[in-house]
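Novice: let me see the structure of the following:
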Amino acid sequence: DGGWLVTPTNASLGFLDPARLARLDAQGRLVAGDAPTKEIPLHTALYETRAAARAIVHMHSTHAVAVTMLPEIDPKSVLPPMTPYYLMRAGQTALVPYFRPGDPAVADAIKGLAGRYSSVLLANHGPVVAGETLEAAVFATEELEETAKLYLLLRGLNPRYLSPEQVSDLVRTFGLSLQEHGAHDH
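Specialist: Residues are numbered from 1 along each chain as shown. Presented below is the predicted three-dimensional model:
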């Protein structure tokens, strides 16, 4: 009906009662359930700029948050091409600056990416990932977190990333849409 189901504010996903999910109408007004998360602006911004998105996952996952705090991170391509599944599920990831949780200005920062990224990291906060299904968004979020963990484990050890030729092969084979960016100096 054009509305949304949203986790309630201060909800623990491990103890989430489906009957308490916030149901919003197409204008974002609460029609049933508990009060929704204060993070509605970041969700709506991805929905507005990613036409295929039918689900958005936002987490405060440890490794992804840690990566946002590192000085060498490229905001246009946070993580290097480490694994094929990172590129296939999450694509490239953008970094937006820090905003207070619930700050509506985060929506403008996400909209400024013009829908080019399905995965975005909020500085000092966590990932926001769009997917065509809830399952796809969850899998992409998990892949992003595991890739951030790999990056932190290998940081400073001169790891072998996927070569430009290997990335090009993935783009051709799986029809990926990756942003053009410079070489990774991670």
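
Novice: now Ala32: how far from Gly3?
Specialist: As judged by C-beta to C-beta, to the nearest Å, Ala32 and Gly3 stand 10 Å apart. For the C-beta atoms, the positions are set from N, CA and C on the backbone; glycine is no exception.

Novice: next helix or strand past the longest strand along the chain?
Specialist: Counting by DSSP state E, the longest strand found in the chain is strand 126-131. For strand 126-131, the following helix or strand on the C-terminal side (DSSP states H and E) is helix 134-154.

Novice: kindly export the helix or strand just after that next one (C-alpha atoms) in PDB.
Specialist: Heading C-terminal from helix 134-154, the first helix or strand you meet, by DSSP H and E, is helix 164-174. In PDB, the C-alpha atoms belonging to helix 164-174 read as follows (Å, rounded to 0.1, in the frame of the first residue of the first chain):
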ATOM      1  CA  PRO A 164      41.400  -4.400 -11.800                       C
ATOM      2  CA  GLU A 165      41.100  -7.300 -14.300                       C
ATOM      3  CA  GLN A 166      39.400  -9.500 -11.700                       C
ATOM      4  CA  VAL A 167      37.000  -6.700 -10.700                       C
ATOM      5  CA  SER A 168      36.300  -6.100 -14.400                       C
ATOM      6  CA  ASP A 169      35.500  -9.800 -14.800                       C
ATOM      7  CA  LEU A 170      33.000  -9.600 -11.900                       C
ATOM      8  CA  VAL A 171      31.400  -6.500 -13.400                       C
ATOM      9  CA  ARG A 172      31.000  -8.200 -16.800                       C
ATOM     10  CA  THR A 173      29.900 -11.600 -15.500                       C
ATOM     11  CA  PHE A 174      27.400 -10.400 -12.800                       C
END
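
Novice: what packs against helix 164-174?
Specialist: Of the remaining helices and strands, none touches helix 164-174 by 3 or more C-beta pairs under 8 Å, 6 or more residues apart in numbering; DSSP states H and E.

Novice: may I see the buried residues of that helix?
Specialist: Val167, Leu170 (16 or more other C-beta atoms under 10 Å).

Novice: still on that earlier bit, show me what the longest strand of the chain is in contact with.
Specialist: The contact list for strand 126-131, computed with C-beta atoms under 8 Å, 6 or more residues apart in numbering, reads 42-43, 46-47, 50, 52-61, 64-65, 90, 93, 110, 118-122, 137-141, 144-145.
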